[in-house]
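Trainee: missing the sequence, but the structure's below:
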């Protein structure tokens with residue numbers, strides 16, 4: 001027999017229920033971040049943002065300028081870990097296919 005106390009309905013008492021609720025947390029969210037390099041053209045960064053992250057031209061320009069001026073820029077998110085990793089993979093494949101060393105990583109939000 002279990003050592004947990006039972007309530008009048010035969011279930012786990014309220015204190016045990018509260019402990020179980022505290023253990024449950026929503027999954028972490030991730031953002032995709034582009035990092036600056038001295039070789040990838042600004043236009044290619046914008047094309048990537050429009051093609052993979054469905055950004056408008058204005059949004060892509062602003063993100064590209066963050067990458068260029070600040071060394072990094074958030075391309076998209078928040079995403080689940082799996083979606084963020086998929087986006088990173090697509091960016092990296094697209095960059096390699098086009099001969100650019102663009103670096104993208106998934107970072108916890």
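Mentor: That came in fine, so what should we check first? In this text the structure is predicted, and so the values were computed from the model without any measurement.
Trainee: hey, which helix is longest across this protein?
Mentor: helix 81-97 (DSSP state H).
Trainee: Can you tell me what sits against it?
Mentor: Residues outside helix 81-97 that contact it (C-beta atoms under 8 Å, 6 or more residues apart in numbering) are 27-28, 30-32, 34, 40, 44, 48, 51-53, 75-77, 79, 101-102, 104-106. Just so you know, the C-beta spots here come from the backbone N, C-alpha and C atoms, and that holds for glycine as well.
Trainee: In helices only, show me those residues.
Mentor: Per DSSP H, those map to helices at 44, 48, 51, 52, 53.
Trainee: Name the nearest of those relative to residue 63.
Mentor: residue 53 (8.5 Å; C-beta to C-beta).
Trainee: which ones are touching the closest one?
Mentor: 32, 75, 76, 87.
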